[in-house]
Every structure is written in structure tokens, then in C-alpha cells.
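[1] The following block contains a protein sequence and its predicted model.
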Amino acid sequence: MMERIRAFEEQACLAAERDKLVLGAIHPSIGQEAVAAGIMHNLSKEDILLSTHRGHGHTLAKGASSLAMMRELLGREGGCCGGKGGSMHIADFSVGMLGANGVVGANITIAAGAAHAIRLLGDNRIVVDIFGDGAVNRGPFLEGINWAVVFKLPILFVCEDNQYSATTKTKTMTGGDGAAARAASLGMRSTVVDGNDVEAIADTMTDIAARLRDGGPPEFLHAKTYRRMGHTSFDPAAYRPEGEAVEEEKKNDPIERQRAILRAVGMTEDDIQLLHQNAQKEMIDILQKAAGTPFPASDTAFIDVQDIGSPAVEAY
Ligand SMILES: Cc1ncc(C[n+]2csc(CCOP(=O)(O)OP(=O)(O)O)c2C)c(N)n1
Ligand SMILES: [Mg+2]
């Protein structure tokens, strides 16, 4: 899965920067793949996921079709949201993915609402809500977590901490002892995990998922990783200290770290390469297919659009 996420995003960056086929920004999660793969390994399609503007990996790992996602990025027919959402607003209800969200922190309260609905329905699905380290400084962090604690909702909040909030090192604008400490202060069980260690994340998540399915209470996971690229595919990240990203890649690339483990347990180099090549082939292929897919017919432009019939529509 980590290979597939990396390959998808490499192709998405090419689609945006080389081919100019993507309108708007895409936010790559290259270097952060262990969080998506480790967490989603423990979820079924019935479980609920909410994600952020940097959500391609989460969505793919939840089971969405890579081709439908790429079509969505390119605004084409057959995209997850009919080509109307784009990279930052991918949703695929058929796999329990309620939506990425371009508004930082907004998914936290929506996720609490989804978990509340599950509590009222009385089934044993769980909700996972993933947000960035910048989101912990927004109001919905307090509101959503407090609500979940008070109502003992079946939800895991995950802070995917890539150390940057757009162009700013997050710790320079965050008070106190960090995301997990804040969640703990609201009475929530909080775990810190190495966000570049896919097995550690998967194992931690196995335990958390079992506890949540058993009736809760809600939990918090702080996964520490690193954003290897700029904020968007076109951001050269000139604000970053020289050499920092290269050093992180050398020390902490989650795919390289897992390859080393696979070698140590006897997987052959050929098989390791095959995983890589299969992922590459899949994603090169879907970009080609997506680029060859027509745009949606113009008479579908206002279907599913909330503002239909409002004066605002006239203005456009
Ligand atoms: C409410 C709100 N404020 C500001 C922005 C602009 N913005 C987009 S992404 C981002 C940084 C978010 O950082 P973080 O939560 O750490 O997520 P990351 O980009 O690192 O994945 C900002 C400030 C926004 N989209 N929404
Ligand atoms: Mg961040």
C-alpha cells in the first residue's frame, strides 16, 4: 500500500506540474505513507474515514479506486465525485470515505458527528479522523474532541504530524506539550507513535480498533512523521533549513525502512522490486487512462451542487 500511495502521488505531481492537467493545488503526502497504510490496515469498508487536503494516501488505503481518484484530480467523468471535488474534496461513500476537506480542522467536528450517528444507530463501526499538526491550533479540535469524550463516541482522532503547517514549522506557533498532551488534558487516552514505522502504527491501531469496537471510549493517536515535499506540488519549500528534507529521507523514509525489515526476514530483492514496479505500472496506467477520459457533460454541471437555483449561481 505504501508503494501504491507513493506511486499515485508521484504521478499526480507529474499530472499537475508536467502535464498541467490539474486545476488548483495538490498536497502530496510523500514520506508520510506509513500513517495511511498502518491505520487503514485495521479498518473495513464499513468503517468511516475523514481526512484532509493531504488525503490521497488515506483515501487509497481505505479502498477507493486509484483510477476514480486520478479522474477526480483531473476533473473528469468517472471521478470519485464526478470530477467536481478535485484533490482536496475527494469522498467515496462506497468505501466509508466521508471526505477530504480543504478547511483545516473542519473534519474534526464532522467526524464527531459521524461517530455520534453510529452511537445512535448502535452498530460496531468505528470512525477515524485524520488531521494535521496545524489543525490542533484551530477551534474544532477542542469542540470535536470534547464532544467525543462527553458522549463516549467510537472514534479515533489521528494527528498526522508532518512538522509543518504550510510554510511554518508548527512547533514555533504551538503552545504546550503538543497534540497528544492537549487531547489527554480533555480526558482522552492518547498514544504517541513513530509515524514512519508502518508496523508500529498497524499494531497500535489493532489494539485501538479493538477497544473502540468494544464500546470505546474515544482515543487519540499522535503519529510523528515528516513532510518531504513543499506544502503543494509547486512549492519549492525554500523556507526549510538546507538539507533537512534530504536528511529525513535518508534516516526515515517509511518505504525504505520497511524494505530493510523485509530483507532481514528473507524477502528477495526481486520481490521487493516487484512491489515497487507493480505500483508504478498501476499508477502510470491510471494517469494515462484518466487523461484520456472526457470531461463531464456540461448538462451535469449543476447536479449535486448545493447552490443550484440560488442567486449566487446567476453571478457565475
Ligand atoms: C481554516 C483554514 N485556515 C487556513 C487554511 C490554509 N491552509 C491550508 S493547509 C494549511 C496548513 C495545514 O497544516 P497541517 O494541519 O499541519 O496539515 P498539513 O498541510 O501539514 O498536512 C493552511 C494554513 C485553510 N485551508 N483553512
Ligand atoms: Mg502539518
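    Sure thing, it's come through. Ligands and ions are numbered 1, 2, ... in the order given.

[2] number of nearby residues for whichever residue of the stretch 51-200 of the chain sits closest to ligand 2?
    Across the stretch 51-200 of the chain, no residue is closer to ligand 2 than G132, which sits at 3.7 Å (Cβ to the ion). C-beta here means a position set from N, CA and C on the backbone, and glycine is covered the same way. Applying other Cβ atoms under 10 Å, we find 25 residues neighbouring G132.

[3] What residues sit buried inside stretch 60-77?
    60-76 (16 or more other Cβ atoms under 10 Å).

[4] Any idea how far apart the tips of it sit?
    19 Å (Cα to Cα, to the nearest Å).

[5] Figure out how far it is from the centre of its chain.
    Relative to its chain's centre, stretch 60-77 lies at 14 Å (Cα atoms, centre = their mean, to the nearest Å).

[6] Helices along the stretch 1-150 of the chain, start to end?
    Applying DSSP state H, counting those that start in this stretch to the stretch 1-150 of the chain gives helices spanning 2-13, 33-40, 56-62, 66-73, 106-121, 139-150.

[7] how close does G134 sit to H89?
    Using Cβ to Cβ, to the nearest Å, G134 is found at 18 Å from H89.

[8] neighbour count winner among those two?
    A direct count of neighbours by other Cβ under 10 Å for G134 and H89 places G134 higher, at 20 against 17.

[9] Grab the nearest non-local neighbour of that one.
    Distances taken as Cβ to Cβ, 6 or more residues apart in numbering place S165 nearest to G134, at 3.0 Å, with adjacent residues excluded.

[10] The helices of the stretch 1-150 of the chain into TSV, with extra columns for mean pLDDT?
    Converted to TSV, the helices of the stretch 1-150 of the chain look like this (pLDDT from 0 to 100):
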stretch	mean pLDDT
helix 2-13	98
helix 33-40	98
helix 56-62	98
helix 66-73	98
helix 106-121	98
helix 139-150	98
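
[11] My reading is that V192 lies in a strand. Confirm?
    Yes - per DSSP: H, G, I helix; E, B strand; the rest coil, V192 lies within a strand segment.
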